[in-house]
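> Model the structure of this input:
(one chain, ligands or ions: 1)
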Amino acid sequence: MHNRKLNYFLLTLIAAIAVIFFATRSLVAQDAGQPWMNPKLSAEERADLVLKQLTLDEKIAFAHGNGMSRVPNWQMPLTSLANGGAGYVEGVNRLGIPGLVISDAAYGVRDSGANGRYGTAMPSNLGAASSWDLESACEFGEVIGRELRAQGFNMTLGGGVNITREPRNGRTFEYAGEDPLLAGTFVGSRMKCEQAQHVVGDLKHYAVNDQETGRLVISSVISKRAMQESDLLAFHIALSIANPGAVMCSYNRINGDHGCENSYTLRDVLKNDWKFKGFVISDWGGTHSTEKASAAGLDQEQPMADYFGPKLKAAVEAGKVPLSEIDDHARRVLYAEFLSGIVDDPPQKNVVDVDKGLEVAQRIEEKSIVLLKNVEAVLPILPSKVHSIAIIGGHADVGMISGAGSAQVDPPGGNAIMPPGKGATRWGEPVWFPTSPLKALRAKLPNTKIDFDPGTDLKSAVGLAKSSDLAIVFAHQWEIEGLDLPSLSLPDNQDALIEQVATANSRTIVVLETGTAVTMPWLDKVAGVVEAWYGGSAGHKALANVLVGDVNPSGKLAMTFPKSEKDLPRPVIPPEPPKDQASNFSVHYDEGPKVGYKWYETEHKRPLFAFGFGLSYTSYGYSGLSVDSTARTAKFTVKNTGKRAGTEIAEVYARLPKGADESFKRLVGWTRVTLAPGESKTVTVTIDPRVLQTFDEATDRWNFAPGDYEVFVGASSDNTPLAASLRVR
Ligand code: BGC
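Numbers count the residues shown, from 1 in each chain. Below you'll find the predicted structure:
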């Protein structure tokens with residue numbers, strides 16, 4: 001008790017000192033003629049006050065990067081100030097404006113290993129989105145924001161919200177699935193909480209950057225209406241929630257013009273229609289011009305100063321770029337700095353709270369894992385019935401795989417499949433975290449015989465499976481930025497391994513560690529399938545909890561798993577053409593807004609697993625839907641009809657009125673309902689009006705088609721037992 005009081009006293013004292021310190025600092029600064037240091041003013045007011053003080057050189061300095069750590073071709077005099085990160089933008093010391101110290105942080109802080117630091121890996125973004133849980137999204141962002149600051153960074157490059165139009169896209173694991181509402185809401189919630197830690201937030205890659213093949217040259221050809229109702233909608237929703245300081249424009253071209261000099265997406269939509277006040281930062285090496293890009297709305301070139309350094313200054317001096325444009329670029333960077341809090345509360349290098357990060361990573365993964373198949377309740381594993389388990393393949397004895405590219409987070413101790421001391425992570429090499437499912441399961445089931453076979457010799461794997469009560473095959477599919485998957489098949493002969501093990505033991509479970517959908521030619525033969533995604537720093541513990549039933553799975557797919565690539569809008573991704581033909585390389589998104597489940601429904605193709613699908617160890621019933629057309633809400637009851645407590649994600653879809661020129665269901669809302677066995681709850685879901693409307697190209701406006709909208713409620717996009725109608729006048 002005595003100690004508690006003392007701790008409380010000390011904490012209060014520290015807090016009081018901190019308040020006095022910051023208040024005095026800001027008072028001193030204001031007294032010293034720096035009125036922008038007054039935190040009571042708005043970010044806009046503060047940015048305007050600073051802007052008036054800036055020289056042209058200082059303004060231009062905000063418009064470009066200063067190189068990138070560790071990339072030989074991207075070195076500049078100030079690169080060392082990037083703190084080992086992706087970039088550095090010079091601040092204005094004399095005015096108390098800090099530079100931007102920027103790090104990649106898709107699912108955790110990048111390059112921690114190379115910098116001799118530690119960063120937590122959250123589950124992959126696609127995995128986390130499968131939780132449909134906005135508290136998880138927030139915690140995901142909070143951990144990353146805190147760790148960025150502890151490492152000395154004040155800006156993140158996270159927040160990938162490109163929708164899954166092309167499931168073979170090598171960056172699918174970095175994004176939040178195929179639906180604009182789910183992806184936009186999830187990523188927006190994550191970035192809101194990340195920026196609240198006082199780092200400049202970022203959403204990327206704007207826009208229609210939906211495949212990696214030819215990403216620097218390809219043109220995404222798509223109608224304005226289609227892009228507004230799909231890819232752009234995801235960004236708009238995320239933006240309206242997060243209010244991020246920055247948006248990164250993408251490498252690809254959109255209807256001919258590069259993402260970073262596209263006046264439609266940047267100026268007309270992002271800045272004019274959506275009133276985005278932060279700055280547009282180019283993807284690394286994604287700037288292609290000075291005057292055109294500046295006029296189109298690019299505010300900052302990264303990571304070099306090829307177009308927005310001396311050339312931009314010369315263009316201003318020659319009257320080719322108006323000074324007002326430069327002012328706008330600089331004001332936006334200043335606004336982002338004040339908005340995010342990095343001026344008032346700069347990062348202090350610190351030791352990362354490892355335990356907190358691991359705890360959050362585990363909790364999120366537990367909510368992200370999707371149970372896809374569970375015949376005769378083969379899961380959860382009951383030690384009273386299962387005395388021996390064969391764990392096969394996937395390096396499950398040492399760890400779990402992670403997503404690569406600029407998103408890569410470095411595991412403690414290095415790559416778990418490399419010999420000790422040789423574990424540095426290198427671009428292009430799959431990285432396993434030291435999160436061994438074998439060890440985690442043994443810890444959970446101390447009295448069960450659990451053996452491992454690497455799965456490299458089919459005979460030996462089959463032998464172990466035959467002699468065990470249960471076989472669990474760990475299968476993986478690795479993804480990396482810059483490279484699309486050749487197909488959705490599991491690589492390295494893993495389909496054959498699963499097939500043979502399942503033939504030897506009918507109680508075979510497949511655990512998938514994948515960055516996107518996979519095809520499953522063996523599906524009918526196995527008893528269970530668990531999608532664990534890329535599990536992050538505590539993936540093994542989360543997975544073991546699900547396998548033994550300490551956690552009842554609740555995740556649902558944030559993307560459709562097709563039966564075959566033949567069912568995709570584009571069965572084949574054409575290869576990138578030679579350089580001299582690159583300007584003709586394009587992908588025609590003729591499916592328009594019909595992305596994912598909308599496509600399968602319209603085309604009458606049954607997927608392997610539908611968007612929104614996921615099983616539980618209990619069962620749920622739905623009843624009593626009523627729709628309030630004025631309040632735009634759907635009210636219904638969910639009942640836990642099984643014997644275990646669980647959380648059900650209840651999904652609400654709507655179909656436009658009969659007269660409208662579109663026939664597919666759209667996700668319009670959802671809720672997570674936690675229920676004890678036998679318990680019922682009546683819930684109300686608000687229908688988001690943005691996803692009920694259509695975009696009219698002629699007037700550039702969103703409209704409600706008048707009439708009766710069918711509203712559906714259920715457990716997945718292909719299982720909506722309740723229906724009612726919503727009238728829009
Ligand atoms: C990626 C971005 C990343 C940047 C900086 C680019 O290659 O597309 O997502 O933020 O590099 O590393």
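> Around the ligand, pick out the residues from this protein.
Counting by CB under 6 Å from any ligand atom, the residues of the chain close to the ligand are 86, 104, 157, 204, 283-284, 406. Heads up, the C-betas are built off the backbone N, CA and C, glycines and all.
> ok, of these, which one's closest to Cys260?
Asp283 (7.0 Å; CB to CB).
> Quick check, the residue in the stretch 251-400 of the chain closest to the ligand?
Trp284 (3.8 Å; CB to the nearest ligand atom).
> how many neighbours does that residue have?
Residues within reach of Trp284, counting by other CB atoms under 10 Å, total 21.
> Pretty sure it sits against Met68.
Yes: between Trp284 and Met68 there is a contact at 6.7 Å, judged by CB atoms under 8 Å.
> what helix or strand is the residue nearest to Asp57 when sequence neighbours are not counted on?
Distances taken as CB to CB, 6 or more residues apart in numbering put Lys313 closest to Asp57, at 7.4 Å, once the chain neighbours are dropped. Assignment of secondary structure by DSSP states H and E places Lys313 within helix 310-317.
> which parts of that helix are buried?
If you call a residue buried by 16 or more other CB atoms under 10 Å, then helix 310-317 has these buried ones: 311-313, 315-316.
> hmm, back to that, what's near enough to touch the residue nearest to Asp57?
Lys313 makes contact with 56-57, 60, according to CB atoms under 8 Å, 6 or more residues apart in numbering.
> Over to Gly642?
Shown in contact with Gly642 (CB under 8 Å, 6+ apart): 616-620, 677.
> now, among those residues, which is nearest to Gln228?
Tyr620 (34.9 Å).
> pretty sure the closest one contacts Asn640?
Yes: between Tyr620 and Asn640 there is a contact at 6.0 Å, judged by CB under 8 Å.
> of these two, who's got more company?
The neighbour comparison of Tyr620 against Asn640 (other CB under 10 Å) goes to Asn640, with 24 against 20.
> and that one, what are its phi and psi?
Phi and psi for Asn640, reported as degrees, to the nearest 10, are phi -80, psi 110.
> And it, how far from Leu232?
39 Å (CB to CB, to the nearest Å).
> go on, Thr213?
Thr213 sits 22 Å away from Leu232, going by CB to CB.
> ok, the two, which is more surrounded?
The residue with more neighbours, out of Thr213 and Leu232, is Leu232; 27 against 19, by other CB under 10 Å.
> So the more buried one, which state does it fall into?
Three-state call for Leu232 (DSSP: H, G, I helix; E, B strand; the rest coil): helix.
> how about the nearest residue to the residue of the stretch 351-500 of the chain found nearest the ligand, chain neighbours excluded?
The nearest approach of the stretch 351-500 of the chain to the ligand comes at Ser406, 3.7 Å away (CB to the nearest ligand atom). Among residues not flanking Ser406 along the chain, Asp104 sits closest, at 4.6 Å (CB to CB, 6+ apart).
> okay, and the common contacts of Trp284 and Met68?
Common contacts of Trp284 and Met68 (CB under 8 Å, 6+ apart): 74, 86-87, 303.
> I'd assumed Arg666 was in contact with Glu601.
No: taking contacts as CB under 8 Å, Glu601 lies outside contact range of Arg666: 10.2 Å.
> so what sits against both of Tyr620 and Asn640?
In terms of CB under 8 Å, 6+ apart, Tyr620 and Asn640 are both contacted by the residues 646, 648, 675.
> Among those, which lie within strands?
Within the shared contacts of Tyr620 and Asn640, residues falling in strands by DSSP state E are 646, 648, 675.
> still on that earlier bit, could you save the buried residues of helix 310-317 as TSV and add columns showing pLDDT and distance to Ala128?
Below are the buried residues of helix 310-317 laid out as TSV (pLDDT from 0 to 100; distance: CB to CB, whole Å):
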residue	pLDDT	distance to Ala128
Lys311	98	41
Leu312	98	38
Lys313	98	43
Ala315	98	43
Val316	98	43
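> Save those as TSV, and put in distance to Ala660 too.
Converted to TSV, the buried residues of helix 310-317 look like this (distance: CB to CB, whole Å):
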residue	distance to Ala660
Lys311	48
Leu312	46
Lys313	51
Ala315	47
Val316	48
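> Pick the one among those closest to Ile237.
Leu312 (32.7 Å).
> Run through the residues that contact that closest one.
Here Leu312 is in contact with 60, 63-64, 290, 294, 321, 326 (CB under 8 Å, 6+ apart).
> For stretch 173-190, give the mean pLDDT please.
Per-region confidence: stretch 173-190 scores 98 on mean pLDDT.
> Oops, could you answer that again for stretch 224-240 instead?
98.
> buried ones in stretch 71-90?
Buried, per 16+ other CB under 10 Å, within stretch 71-90: 74-76, 79, 81-90.
> Just the CA atoms of it, as CSV, please.
Provided in CSV are the C-alpha atoms of stretch 71-90 (Å, rounded to 0.1, in the frame of the first residue of the first chain):
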residue,chain,number,x,y,z
VAL,A,71,20.3,2.3,-50.6
PRO,A,72,23.6,3.2,-52.4
ASN,A,73,21.9,5.0,-55.3
TRP,A,74,19.8,7.1,-52.9
GLN,A,75,22.4,8.9,-50.8
MET,A,76,22.4,12.7,-50.2
PRO,A,77,24.3,14.9,-47.7
LEU,A,78,21.6,14.6,-45.0
THR,A,79,20.8,10.9,-45.5
SER,A,80,22.4,10.0,-42.1
LEU,A,81,19.6,12.1,-40.4
ALA,A,82,17.1,9.5,-41.6
ASN,A,83,17.8,7.5,-38.4
GLY,A,84,18.3,4.3,-40.5
GLY,A,85,14.8,4.8,-42.0
ALA,A,86,13.3,5.4,-45.4
GLY,A,87,13.7,9.1,-45.6
TYR,A,88,14.4,12.5,-44.1
VAL,A,89,12.9,15.9,-44.8
GLU,A,90,14.7,18.9,-43.5
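> Mind listing residues that contact it?
Identification of contacts with stretch 71-90 by CB under 8 Å, 6+ apart yields 61-62, 64-70, 99-104, 110-111, 114-115, 151-153, 157, 284, 300, 302-305, 333, 406.
> quick one: which of those residues sit in strands?
Per DSSP E, the contacts of stretch 71-90 map to strands at 100-104, 157.
> In the stretch 501-650 of the chain, what residue lies closest to the ligand?
For the stretch 501-650 of the chain, the residue closest to the ligand is Gly515, as judged by CB to the nearest ligand atom, at 15.0 Å.
> Tell me which residues touch that residue, please.
124, 126, 170, 172-173, 403, 477-479, 533-534.
> let's see 6 Å
Neighbouring residues of Gly515 by CB atoms under 6 Å, 6 or more residues apart in numbering: 172-173, 403, 479.
> Which element, helix or strand, includes the closest residue to Leu458 other than its chain neighbours?
Leaving aside its chain neighbours, Leu458 sits nearest to Gln500 (5.4 Å; criterion: CB to CB, 6+ apart). Taking DSSP H and E as the definition, one finds Gln500 inside helix 494-504.
> by contact count, what packs against that helix?
Judged by 3 or more CB pairs under 6 Å, 6 or more residues apart in numbering; DSSP states H and E, helix 494-504 is in contact with helix 458-466, strand 470-477, strand 508-514.
> how far does it sit from the chain's center?
32 Å (CA atoms, centre = their mean, to the nearest Å).
> That one versus strand 470-477: what angle between them?
Using axes from the mean of the first three to the mean of the last three CA atoms, to 10 degrees, one finds that helix 494-504 and strand 470-477 are set 170 degrees apart in direction.
> Would you mind writing the CA trace of helix 494-504 as CSV?
What follows is helix 494-504, C-alpha atoms only, in CSV (Å, rounded to 0.1, in the frame of the first residue of the first chain):
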residue,chain,number,x,y,z
GLN,A,494,3.0,-28.6,-50.7
ASP,A,495,-0.3,-29.6,-52.4
ALA,A,496,1.1,-33.1,-52.9
LEU,A,497,2.3,-33.3,-49.3
ILE,A,498,-1.1,-32.4,-48.0
GLU,A,499,-2.8,-34.8,-50.4
GLN,A,500,-0.7,-37.7,-49.3
VAL,A,501,-0.8,-36.9,-45.6
ALA,A,502,-4.6,-36.6,-45.8
THR,A,503,-4.8,-39.9,-47.6
ALA,A,504,-2.8,-41.5,-44.8
